[in-house]
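quick one: sequence plus predicted model below, questions after.
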Amino acid sequence: MRKLGRSSGHRKMMLRNLTTDLLKYGKIETTETRAKEVRKIAEKMITLAKKNNLAARRLVLGEVLDETTVKNLFEKIAPKYEDRKGGYVRIVKIGPRPGDAAPKAILELV
């Protein structure tokens with residue numbers, strides 16, 4: 001796991017927020033390194049949501065911060081990927097950020 005220049009609590013919360021936003025809006029813009037970490041978490045959440053049972057819902061609620069996003073994940077997002085084995089999230093590189101030239105990327109659901 002990448003440390004991303006933050007303490008463990010801050011890093012975990014930042015990744016949870018980014019994952020929640022990705023599942024809520026379907027597309028977010030962030031740095032490449034953050035995008036690579038968020039993709040791991042988001043794909044696990046979608047895989048859990050495909051199981052569609054109480055245990056999976058509770059595990060997802062432990063990671064995703066918004067209950068309406070979890071409901072949307074289980075009812076709308078997961079059924080779209082029912083016959084797909086993985087690769088639910090796409091990372092598209094969009095070039096450097098103007099201020100500090102950090103490589104940016106768009107993270108979107110396929």
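Done, it's in. Numbering: from 1, shown residues only.

list the contacts for the closest residue to residue 87 other than its chain neighbours?
Closest residue to residue 87 apart from its sequence neighbours, by CB to CB, 6 or more residues apart in numbering: residue 110 at 6.6 Å. (Each C-beta comes from the backbone N, C-alpha and C, glycine too.) Applying CB atoms under 8 Å, 6 or more residues apart in numbering to residue 110 gives the contacts 87, 88, 89, 90.

I'd like those as TSV, with pLDDT appended.
As requested, the contacts of residue 110 are exported to TSV (pLDDT from 0 to 100):
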residue	pLDDT
87	93
88	95
89	96
90	96
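
now those residues: which count as buried?
Among those, those classed as buried by 16 or more other CB atoms under 10 Å are 88, 89.

what residues are up against the closest residue to residue 46 other than its chain neighbours?
With CB to CB, 6+ apart as the measure, residue 88 is the residue that lies nearest to residue 46, at 4.7 Å, once sequence neighbours are left out. Contacts of residue 88 were listed using CB under 8 Å, 6+ apart, and they are 42, 43, 46, 81, 109, 110.

look up how far residue 60 lies from the residue nearest to residue 87.
To residue 60, residue 110 is 19 Å away according to CB to CB, to the nearest Å.

which of the helices or strands spans the residue of the chain positioned farthest from its centre?
When each C-alpha in the chain is compared with the mean C-alpha position (CA atoms, centre = their mean), residue 99 comes out farthest, at 25.1 Å. Assigned by DSSP states H and E, residue 99 belongs to neither a helix nor a strand.

do the same with residue 105
strand 103-109.

how about the strands in the chain?
In the chain, the segments counted as strands under DSSP state E are 27-31, 89-96, 103-109.
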